[in-house]
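In: Here is my input, please return the structure:
(chains A and B)
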Amino acid sequence: MKFSQIYAPTLRETPAEAEVVSHQLMLRAGMIRKAAGGIYTYLPLAWRVLKKIEHIVREEMDAQGGQELLMPIVQPAEMWQESGRWAVYGDEMFRLTDRHDRNFCLGPTHEEMITTLVRSDVRSYRQLPILLYQIQNKYRDEIRPRFGLMRGREFIMKDLYSFDKDEDGLNISYKKMYDAYTNVFSRCKLKFRPVEADSGAIGGSGSHEFMVLAESGEAEIVYCTSCDYAANVEKAELLPLDEISTGEKLPLTQVHTPNCKSIADVAKLLHIDKQQTIKSIAFETDQGPVLALVRGDHEVNEIKVLNKLNLINITMASEKSIIDDYQSVPGFIGPCGLPKKIKIIADVNVMKMINAAAGANIADYHLQNVNPGRDFAADIIADIRLIQENDPCPHCAMPVKKARGIEVGQVFKLFTKYSSALKATYLDENGKEKPMVMGCYGIGVSRTMAAAIEQNYDEHGIIWPVPIAPYQVVVIPVNSKDTNQVQLAELVCRQLNLHGIDSVWDDRNERAGVKFKDADLIGYPLKITIGPKSISEQTVEVKERKTGQIHFFSTSDYLENIIELLQKL
RNA sequence: CGGGGCGUAGCGCAGUUUGGUAGCGCGCUUGGUUCGGGACCAAGAGGCCGUGGGUUCAAGUCCCGCCGCCCCGACCA
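Out: Here you go, the predicted structure:
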């Protein structure tokens, strides 16, 4: 392939709209162009990468017994109304009406579509399990699309849905997908980590997210340095800590603490450690006001509070709510003497504190010698704190570390949430009707492409991992006026392609520097330079994009050497 | 939706304070010289200054409305 024939308009300067590296580099490398906010055209180079990722995904899905199908993007409202999600999904769903005023949406996901399909055709346990998947555009009208392909409104997704007769079957399907995902991201040569994830309102035991490790990742994860535990911080459970305070419970006293609105201020003024204070965070929820208590040196994990209380919505309480509902004062909230309607959820470690300091619910006052149980009662005592670096691993108690990641996949046990709602049932061995037990497993394909760049780039451009590079090799004749060089470059390129190595040669009448810069920007794993020496000494110069390492191979045996190099990379 | 910023040539930007003939760099076209890390010289093409209204002799610039984009937050693959 001649580079001049590829529609890859590279840019010397970074368009102002791009913030994150993957977005900047894909625009500059002529891979994507924006059509609207969060909606992009994939130009040929990007499309080649996407097809390679999809190919790996397909092979791994098929290897686990998955069958590919294609479902509509435009979905009728009825099935969403039946599952109850037409109302729940809210503004994030792209909705449209046809000429007869019938309601449709652009599919954000396909549980409804696949479940109504399977329910109409599957009757018997003998037909299960079934693993069906699709790769296609999905749509979410994100409040704020950003980061280029990382959070678009239209994106390419692989979703596989499993249907089993019971939970044992689901566990097997789940394991298959977990393994398949591990294979997919390994084959893409990405540094990633499967982490335990929150399974949200659906509950149940199982969900893992697959995180591509990158500084720019939106998700925070913790992992153990001595065992293989890893989790999203939202999910990470915590062992109760040792008691830190001992001694006799002293009488409750009120202290003047003007302008001390933070834990740090209070601790400083009272000459105590942050560990001896109680942090009170006020929330508004669909079940009314909830006060969450953690030790002063800890943070509240909102997701845990949400799950422990079976809530749907939780937000920080407004100042108005703190005054009206809590009858308190922002900055001076505490658990003592609140109105009865305030539900108190306390972290396990708070209940072990003795003679702590907490807000007095009066402006510029705190309470000292607060003793949980004596001075306030918690409605719920649970693990609600956010894990911190060096907290003990919940599996082996060794200190955990933190990292950032980009969520590129999630495996999820749905159980019978959708099969019950949509009546996808089968007859078991005893002729009894039961709902199918489902799982869903997604991979953000277009996001994976972006994540690969976030993890592999330098100041010159992209550094593609070999398996997903748009082309593995670029061949550059240094002097485009030198017919010998040009002819050799074309020959080398043809040879490589004949041996299954995706290659281009840069036939443009440009100075060498321009061609080198574009090659680095686009990020071919290998660059072959054809210069004067290639002609006089019959050698080619091969440079590894990632390391900059240079090899010289003879024109007689470069093929074997390049094949070997590509396998090593 | 709340907070902040921006819409001027394909891209990056200046010009707006103080209204008076629309500019710079890169890219693009043509010719010449160059040719191993984004060359040089010369000559060109290219803009309803996001959009609608208003003020004015005169609006890129002042006023009002609308649209779009980017960043921070709630949401998420």
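In: residues contacting A:Glu167?
Out: The contact partners of A:Glu167, by CB atoms under 8 Å, 6 or more residues apart in numbering, come to A:415, A:437. No exception for glycine: its C-beta is placed from N, CA and C like everyone else's.
In: so A:Lys279 sits in a helix?
Out: No: with DSSP: H, G, I helix; E, B strand; the rest coil as the criterion, A:Lys279 is assigned strand and is not in a helix.
In: Could you report the separation of it from RNA strand B?
Out: Applying CB to the nearest atom of the strand, to the nearest Å, one obtains 18 Å for the distance of A:Lys279 from RNA strand B.
In: so what's that residue up against?
Out: Residues in contact with A:Lys279, defined by CB under 8 Å, 6+ apart, are A:263, A:293-296, A:298-300.
In: Now that we're looking at the residue in chain A that RNA strand B sits nearest to, what pLDDT does it have?
Out: Here the residue of chain A nearest RNA strand B is A:Gly531; by CB to the nearest atom of the strand that distance is 1.7 Å. The predicted local confidence for A:Gly531 comes out at a pLDDT of 96.
In: Leaving out the residues flanking it, which one is nearest to it?
Out: With sequence-adjacent residues excluded and distances taken as CB to CB, 6 or more residues apart in numbering, A:Gly531 is closest to A:Val478, at 4.2 Å.
In: What about that neighbour, how many residues nearby?
Out: Residues within reach of A:Val478, counting by other CB atoms under 10 Å, total 20.
In: For the residue of chain A closest to RNA strand B, give me its contacts.
Out: Listed by CB under 8 Å, 6+ apart, the contact set of A:Gly531 reads A:477-479, A:485, A:541.
In: could you measure it against A:Pro465, distance?
Out: For A:Gly531, the distance to A:Pro465 equals 28 Å [CB to CB, to the nearest Å].
In: repeat for A:Glu248
Out: Counting by CB to CB, the gap between A:Glu248 and A:Pro465 amounts to 63 Å.
In: higher neighbour count, those two?
Out: With neighbours defined as other CB under 10 Å, A:Glu248 and A:Pro465 compare such that A:Pro465 has more, 19 against 7.
In: Now that one. Nearest residue, chain neighbours left out?
Out: Spatial nearest neighbour of A:Pro465, chain neighbours left out: A:Lys189 (3.5 Å); criterion: CB to CB, 6+ apart.
In: Tell me the confidence at the one you found?
Out: 97.
In: which SS class is it?
Out: Assigned by three-state DSSP, the conformation of A:Lys189 is coil.
In: and the longest strand along chain A, which residues are buried?
Out: Ranked by residue count and defined by DSSP state E, the top strand of chain A is strand A:400-415. Taking 16 or more other CB atoms under 10 Å as the neighbour-count basis, strand A:400-415 is seen to contain the buried residues A:400, A:403, A:405-415.
In: if we can go back for a sec, can I get the contacts of A:Lys279 in CSV including neighbour count and distance to A:Asp242?
Out: Listed next are those as CSV, based on neighbours: other CB atoms under 10 Å; distance: CB to CB, whole Å:
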residue, neighbour count, distance to A:Asp242
A:Ile263, 19, 21
A:Leu293, 29, 19
A:Val294, 22, 16
A:Arg295, 23, 12
A:Gly296, 23, 17
A:His298, 24, 14
A:Glu299, 15, 19
A:Val300, 20, 21
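In: Name the nearest of these relative to A:Thr547.
Out: In terms of CB to CB, no member of the contacts of A:Lys279 lies closer to A:Thr547 than A:Glu299, at 40.8 Å.
In: what about the residue nearest to that closest one when sequence neighbours are not counted, how many residues close to it?
Out: Sequence neighbours aside, A:Leu386 is the residue nearest to A:Glu299 in space, at 4.1 Å (criterion: CB to CB, 6+ apart). By the measure other CB under 10 Å, the count of residues near A:Leu386 is 19.
In: Looking at A:Leu386 now. What's its pLDDT?
Out: 90.
In: A:Gly203 now?
Out: Among the per-residue scores, A:Gly203 shows a pLDDT of 48.
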